[in-house]
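Novice: the sequence and its predicted three-dimensional model are supplied below.
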Amino acid sequence: MNSGRLRVGLIAGEPSGDALGVALIGALRRQVPDVECIGVAGPAMRAAGCRALYPAEELAVMGIVEVLAHLPRLLCIRRGLVRHLLADPPDVLVGIDAPDFNLPVEARAHRAGIRTVHYVSPSVWAWRQKRVHRIAGAVDRVLTLFPFEARFYEHHGVPVTQVGHPLQAQLKPADATAQAAARTALGLPASGSGALPVLALLPGSRAGEYRRLTPLFLATAQWLRAQGRPCHLVLPLVNQAARTAVAADLRRTGAGLSCTLVDGRAQQVMAAADVVLLASGTATLEAMLLERPMVVAYRLAPLTYAIASRLVRTPHVAIPNLLAGRAVVPEFIQQAATPAALGAAIAHLLEPATGTAMRAQLAALRPAQTDDPAERAARAVLEVAGWT
């Protein structure tokens, strides 16, 4: 065991990274109580005592075109962060997700002799696979959330630890009792007795996502209504900006729709639903663990999609399909995401036999329970730091 105080550099780029970061800080402190954490931190990490050189909110940008608009500011932050790390190096640097920002920082730190870890694999198995060589040269260890990611790195000889996804321990299947409790908590009518089926709409947490997808999702609800399959819509909103944007879309195109807006509580909304229509992303894992039938849709900015579509090497984007290696849940991307296509898929899942069959397939995808992912991640970080 080393003497002195362990110093861990952390870089989190968005809310999901902040959540992983604060859990990692807690797990590190349970093993090394006086650990010092510094870096790019979100609000939860800052509240946990991580000294923020920059706030994580400065890095929360998605999409090729969108990143270009913020590139000068991001490069300025990256240069300042590298200068600090080289002038006052930590024992180990952990970049959490945000690979386009973190990997260059990790590479520069690694060349300077700082031990580095990348926590949450970029989608290197799906597109731009040659990045694995760049990752191998930038980090001492990759920490992955899913088994198929770890297998990819093992195949390429990159040191890897599969730590698991924290949602796995947090979310249990939403059986009929849990669904009824969620509906009561949200003020929704109980199922049966002529009540409309509940359709949860989750058009994404980023502004670009919900601005592109909310009108499409509402048009899908209107298509279902026109086909004699009306649903009660429930939309969880990530913040006031999302509420304002969704409310404006409802005024424009929501005539005749039955709808409830909810501040936050996305997991509870999914648990209450008969079917979930959602953007591709972590929410598809949440819906899988809750065993809710789902339809996945995604639209990118046209230029971003034109570039990405030439680079992607996987037929699937939804996490359940990636875990299964086949199409378990229907996906509709870019031009394929139309109200009629989405509506028909939802109507199919509202049939009792179809919905039950999908719930069984989602249940089979739940990974075997292991110990806490944050504890596994902390042990790996300490191993890389030489603190064991």
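Specialist: That came through, no problem.

Novice: can you list contacts of the helix or strand where residue 346 lies?
Specialist: Residue 346 belongs to helix 339-349 when elements are defined using DSSP states H and E. Contacts made with helix 339-349 from outside it, assessed by Cβ atoms under 8 Å, 6 or more residues apart in numbering, are listed as 199, 216-217, 219-224, 227, 229, 231, 274-275, 277, 293-295, 297, 330, 332, 354-355, 358. Placement of C-beta: from N, CA and C, glycine included.

Novice: among the residues you listed, the buried ones, what's the PyMOL command?
Specialist: This is how PyMOL selects the buried members of these, with burial counted by 16 or more other Cβ atoms under 10 Å:
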select buried, resi 199+216+217+219+220+221+222+223+224+229+231+274+275+277+293+294+295+297+330+332+355+358
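
Novice: so where's the chain shaky on pLDDT?
Specialist: In the predicted model, the chain carries pLDDT under 70 at residues 1-3, 60-71, 125-128, 193, 301-314, 369-370.

Novice: strands of that one, start to end?
Specialist: 7-12, 36-41, 51-55, 92-96, 115-119, 141-144, 160-162, 198-202, 232-237, 258-263, 275-279, 294-298, 331-333 (DSSP state E).

Novice: quick one: which of the ones you listed is nearest residue 376?
Specialist: Distance to residue 376, taken as Cβ to Cβ, is lowest for strand 160-162 among those, at 6.9 Å.

Novice: so who does the nearest residue to residue 166 once chain neighbours are set aside touch?
Specialist: Distances taken as Cβ to Cβ, 6 or more residues apart in numbering place residue 373 nearest to residue 166, at 5.0 Å, with adjacent residues excluded. Neighbouring residues of residue 373 by Cβ under 8 Å, 6+ apart: 23, 145, 163-166, 168-169.

Novice: where along the stretch 151-300 of the chain do the helices fall?
Specialist: 167-170, 176-186, 207-226, 240-253, 266-272, 282-290 (DSSP state H, counting those that start in this stretch).

Novice: now tabulate the ones you listed in CSV and tack on distance to residue 340.
Specialist: What follows is the helices of the stretch 151-300 of the chain, written out as CSV (distance: least, Cβ to Cβ, whole Å):
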stretch, distance to residue 340
helix 167-170, 32
helix 176-186, 28
helix 207-226, 6
helix 240-253, 15
helix 266-272, 24
helix 282-290, 22
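
Novice: residue 131 is nearest to which of those?
Specialist: Ranking the helices of the stretch 151-300 of the chain by proximity to residue 131 (Cβ to Cβ) places helix 282-290 first, at 20.9 Å.

Novice: centre of the chain versus that closest one, how much separation?
Specialist: From the chain centre to the centre of helix 282-290 is a distance of 9 Å (Cα atoms, centre = their mean, to the nearest Å).

Novice: in that helix, what counts as buried?
Specialist: For helix 282-290, the neighbour count (16+ other Cβ under 10 Å) marks 283-290 as buried.

Novice: and which of these is nearest residue 187?
Specialist: Distance from residue 187 was checked for each of those by Cβ to Cβ. The minimum falls on residue 290, at 19.5 Å.
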